[in-house]
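Colleague: got a sequence here, can you model it:
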Amino acid sequence: MWEASARDGSRKHHEEGKVIVQLVIDSDSCVRNATIAQSSGFYRLDKASLDFAMSLKFPASTVSTIKNFDDGQPTVAFPIVWRLYAPTVPGVLPLREDGLPVE
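Modeller: Got it, this is the predicted structure:
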């Protein structure tokens with residue numbers, strides 16, 4: 001879904017942020033349209049958020065509870081948060097980009 005070059009570019013440039021995505025859901029419970037309601041400030045993160053949002057399909061039970069509508073179609077906004085992190089394992093130090101342990 002998220003191209004490796006874009007993912008690696010975001011990591012290389014230490015891009016993090018929150019994107020608020022506005023979705024319009026069609027009668028088949030698929031996302032008909034996705035727009036950025038609030039940008040992260042980074043094109044790659046915003047683009048990845050839209051790509052992810054367009055791949056979603058909602059259960060009918062969830063769609064039926066949505067109260068906001070756009071042209072008769074349910075709409076919903078939700079945040080996607082992008083964070084860089086190093087997984088931690090007890091007794092193992094995380095590594096920097098150059099492979100040395102973070103102290």
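
Colleague: ok, and what's touching the helix of greatest length in the chain?
Modeller: Among all segments of the chain classified by DSSP state H, the helix with the greatest residue count is helix 43-54. By C-beta atoms under 8 Å, 6 or more residues apart in numbering, the surrounding residues in contact with helix 43-54 are 1-2, 6-7, 9-10, 15-17, 19, 21, 23, 31, 34-36, 39-40, 80, 82. In short, each C-beta sits where N, CA and C put it, glycine included.

Colleague: out of the residues you listed, which are buried?
Modeller: 6, 10, 15-17, 19, 21, 23, 31, 34, 40, 80, 82 (16 or more other C-beta atoms under 10 Å).

Colleague: tell me the mean pLDDT for the longest helix of the chain?
Modeller: The average pLDDT for helix 43-54 rounds to 92.

Colleague: C-terminal to that helix, what's the next element?
Modeller: Per DSSP states H and E, the first helix or strand lying C-terminal to helix 43-54 is helix 60-63.

Colleague: what's the following helix or strand after that following helix?
Modeller: Helix 60-63 is succeeded, C-terminally, by strand 68-70 (DSSP H and E).

Colleague: which neighbouring elements make contact with that following strand?
Modeller: Judged by 3 or more C-beta pairs under 8 Å, 6 or more residues apart in numbering; DSSP states H and E, the packing partners of strand 68-70 are strand 73-82.

Colleague: that's all I had, so thanks and see you.
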